[in-house]
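Engineer: following is a predicted model, sequence given first.
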2 protein chains.
Amino acid sequence: MKPKISIITLGVEDLTRARKFYEEGLGLVPMSYSSESIAFYDMNGVVLSLYPKDALAEDVTISQQGSGFSGVTIAHNEPSKEKVDEMIEEARAAGATIVKESRDVFWGGYSGYFQDLDGHLWEVAYNPYMDLT
Amino acid sequence: MKPKISIITLGVEDLTRARKFYEEGLGLVPMSYSSESIAFYDMNGVVLSLYPKDALAEDVTISQQGSGFSGVTIAHNEPSKEKVDEMIEEARAAGATIVKESRDVFWGGYSGYFQDLDGHLWEVAYNPYMDLT
């Protein structure tokens, strides 16, 4: 396997609502491939996609039923603790649920978590050892 | 928000088993930041991380309980239908469950899905419109 992730797709209940959150709330700009049925965002190395959860499950050919912890988190790193706090505030203002307020964490970094309107978990982190911003 | 995803973390039941699947089975090479408690892989633009699911939930500060469809899929694109088939066979040989055998799909591409040993969903796709290989 060539080490490459092409797209991360998040299943959403309401694509219009989800697009508003990511575009108006967080400022992401949709790629031209986006349409009324799917949205794509160039995340500088990987593409983020939003797609209705029922259609995504249908594409996978599994039931769309699921609950609780997904077991998946997406990290967005920032270059400083202050920038982490700013990003958490941006997410809060956009309507996200702040699951964990940003704080110093055991591995030596600083991070917080928010959930988007469909419960997808984003970590916002400052990592002094690994620059992935 | 700067359009950047830094890390995708997959929660796993058994890190040793998960590492064996991704490293010996799929050929990914761990980054030097990897340790006995976490693994990182440079996926050419985003980092893939494997981390025990209970520890991940604890970091998020939520319950680790969850079942059914996670609502998240990761796509690995290939440059041709033949390469998709080869990648699906590589995953099958590594012990993955092939959820959907590769086939022509409604949007004009060709894809299949496999689940890793913890149920995380990977789409393997050929997309004639968008080269993300």
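Structural biologist: Cool, got the structure. Numbers count the residues shown, from 1 in each chain, chains lettered A, B, ... in the order given.

Engineer: and the strands in chain A?
Structural biologist: A:7-12, A:39-42, A:47-52, A:66-68, A:72-77, A:97-104, A:110-115, A:121-126 (DSSP state E).

Engineer: now the third one: mean pLDDT?
Structural biologist: Right, strand A:47-52. Taken as a whole, strand A:47-52 has a mean pLDDT of 98.

Engineer: chain center to that strand, what's the gap?
Structural biologist: In terms of C-alpha atoms, centre = their mean, to the nearest Å, the centre of strand A:47-52 is found 10 Å from the chain centre.

Engineer: check the longest one too.
Structural biologist: Averaged C-alpha coordinates place strand A:97-104 at 15 Å from its chain's average position (C-alpha atoms, centre = their mean).

Engineer: which strands or helices does that strand pack on?
Structural biologist: The contact analysis (3 or more C-beta pairs under 8 Å, 6 or more residues apart in numbering or on different chains; DSSP states H and E) places strand A:97-104 against helix A:81-93, strand A:110-115. The way it works is simple: take the backbone N, C-alpha and C, and place the C-beta from them, glycine included.

Engineer: and the shortest one with chain B, contact?
Structural biologist: Yes: using C-beta under 8 Å from any C-beta of the partner chain as the criterion, contacts between strand A:110-115 and chain B involve residue A:113.

Engineer: neighbouring strands for that strand, and are they parallel or not?
Structural biologist: Neighbouring strands of strand A:110-115 in its sheet, by DSSP bridges, are strand A:97-104 (antiparallel), strand A:121-126 (antiparallel).

Engineer: name the residues that touch the shortest one?
Structural biologist: With C-beta atoms under 8 Å, 6 or more residues apart in numbering or on different chains as the test, strand A:121-126 has contacts from A:70, A:72-81, A:83-84, A:87-88, A:91, A:96, A:99, A:102, A:109-116, B:6-7, B:9, B:59-60.

Engineer: which of the residues you listed count as buried?
Structural biologist: Among these, those scoring as buried are A:70, A:72-78, A:81, A:83-84, A:87-88, A:91, A:96, A:99, A:102, A:109-116, B:6-7, B:9, B:59-60 (criterion: 16 or more other C-beta atoms under 10 Å in any protein chain shown).

Engineer: list the contacts of the residue of chain A found nearest chain B.
Structural biologist: In chain A, the residue that lies nearest chain B is residue A:45 (2.3 Å; C-beta to the nearest C-beta). By C-beta under 8 Å, 6+ apart, residue A:45 lies in contact with B:4, B:5, B:44, B:45, B:46.

Engineer: let's see it at 7 Å
Structural biologist: B:45, B:46 (C-beta atoms under 7 Å, 6 or more residues apart in numbering or on different chains).

Engineer: and it, how far is that from residue A:5?
Structural biologist: Applying C-beta to C-beta, to the nearest Å, the value for residue A:45 to residue A:5 is 9 Å.

Engineer: got any residues that touch both of these two?
Structural biologist: Common contact partners of residue A:45 and residue A:5 (C-beta under 7 Å, 6+ apart): residue B:46.

Engineer: what's the closest of the strands paired with strand A:110-115 to residue A:14?
Structural biologist: Closest to residue A:14 of the strands paired with strand A:110-115 is strand A:97-104 (C-beta to C-beta; 16.1 Å).
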